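Asker: this one's structure only:
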């Protein structure tokens, strides 16, 4: 500090001199050199003081911070299950998290099987309505078609009946998967509830109820289409019987009276 004050006096004294005299004077040049030395000494002292202060602050790290770092480094290698606090790694919490994963997987399986079954039921119902339309068209044209036209219509009806059978097989296959999904969801919901994951259990049961309601609604449409097809088949049988009887009656009318008399 004495050197710094001395340098300040040198500078203040040099400022009162003119620029030319100040530069030409050897004493002033020596004063400039002393000022530079003082500034370097002051800068070195300040940097040393700052470094020593930073070291002291680093040594005084709170115990809580150092404890948190150690607990995080130790806890990160215990288990692959993600967690935020070390004290939550109990058997109950791990079972609860595993049950939540099961409910998520069961919900995904349920959604996929429900979508597949709904699509299969929709296609089956559409195929039924197409077959009903073809059969009604044929019934309305009985006796008005040539043998070739009647044969072509029957080929189309037979092909549509084959498609209806294929759609029905797909419905049975996806319905089996849907029933398995229902069983898995029920077991998963019960496991989640018993382990303490009530929210996951309630969410899965809600999804199960929605899926069952949608499937039931589509099945009602399927049942209505099947009932309409059965009625159309009954009408077809009746119309065909009436047409056959009318043909026999016309044939009898065409037979000469001599063949109808008894000998």
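Answerer: That came through fine. Worth saying up front: this structure is predicted, and the values here are computed from it rather than measured. Residues are numbered from 1 along each chain as shown.

Asker: low pLDDT regions in the protein?
Answerer: Residue ranges of the chain with pLDDT under 70: 1-88, 247-263.

Asker: run through the neighbouring helices and strands of the lengthiest helix in it.
Answerer: Determined from DSSP state H, the single longest helix within the chain is helix 198-254. Contacting helix 198-254 under the criterion 3 or more Cβ pairs under 8 Å, 6 or more residues apart in numbering; DSSP states H and E are the following elements: helix 91-140, helix 147-195. Glycine gets a C-beta too; all of them are placed from N, C-alpha and C.

Asker: any chance of those in CSV, plus distance to residue 207 and mean neighbour count?
Answerer: Formatted as CSV, the helices and strands packed on helix 198-254 follow (distance: least, Cβ to Cβ, whole Å; neighbours: other Cβ atoms under 10 Å):
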stretch, distance to residue 207, mean neighbour count
helix 91-140, 5, 17
helix 147-195, 8, 15
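
Asker: quick one, which of the ones you listed gets closest to residue 230.
Answerer: Within the helices and strands packed on helix 198-254, the stretch nearest residue 230 is helix 91-140; the backing value is 9.9 Å (Cβ to Cβ).

Asker: now the angle between helix 198-254 and the closest one, please.
Answerer: Angle, helix 91-140 to helix 198-254, by axes from the mean of the first three to the mean of the last three Cα atoms, to 10 degrees: 10 degrees.

Asker: buried residues in stretch 211-225?
Answerer: 211, 215, 218, 219, 222, 225 (16 or more other Cβ atoms under 10 Å).

Asker: I figured the fourth one was touching residue 120, is that so?
Answerer: No - taking contact to mean Cβ atoms under 8 Å, the distance of 11.3 Å between residue 219 and residue 120 leaves them out of contact.

Asker: which segments of the chain make up each domain?
Answerer: Domain segmentation of the chain under automatic domain parsing yields 2-70, 92-255.

Asker: looking at it, residue 191 is touching residue 102, isn't it?
Answerer: Yes - if you go by Cβ under 8 Å, residue 191 and residue 102 touch, sitting 6.5 Å apart.

Asker: adding distance to residue 153, write the buried residues of stretch 211-225 out as CSV.
Answerer: Below are these laid out as CSV (distance: Cβ to Cβ, whole Å):
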residue, distance to residue 153
211, 40
215, 35
218, 30
219, 31
222, 26
225, 21
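
Asker: which two of the residues you listed have the greatest separation?
Answerer: Maximum pairwise distance among these (Cβ to Cβ): 21.5 Å, between 211 and 225.

Asker: by how many degrees do the longest helix of the chain and helix 147-195 diverge?
Answerer: Going by the same axes, to 10 degrees, helix 198-254 makes 160 degrees with helix 147-195.
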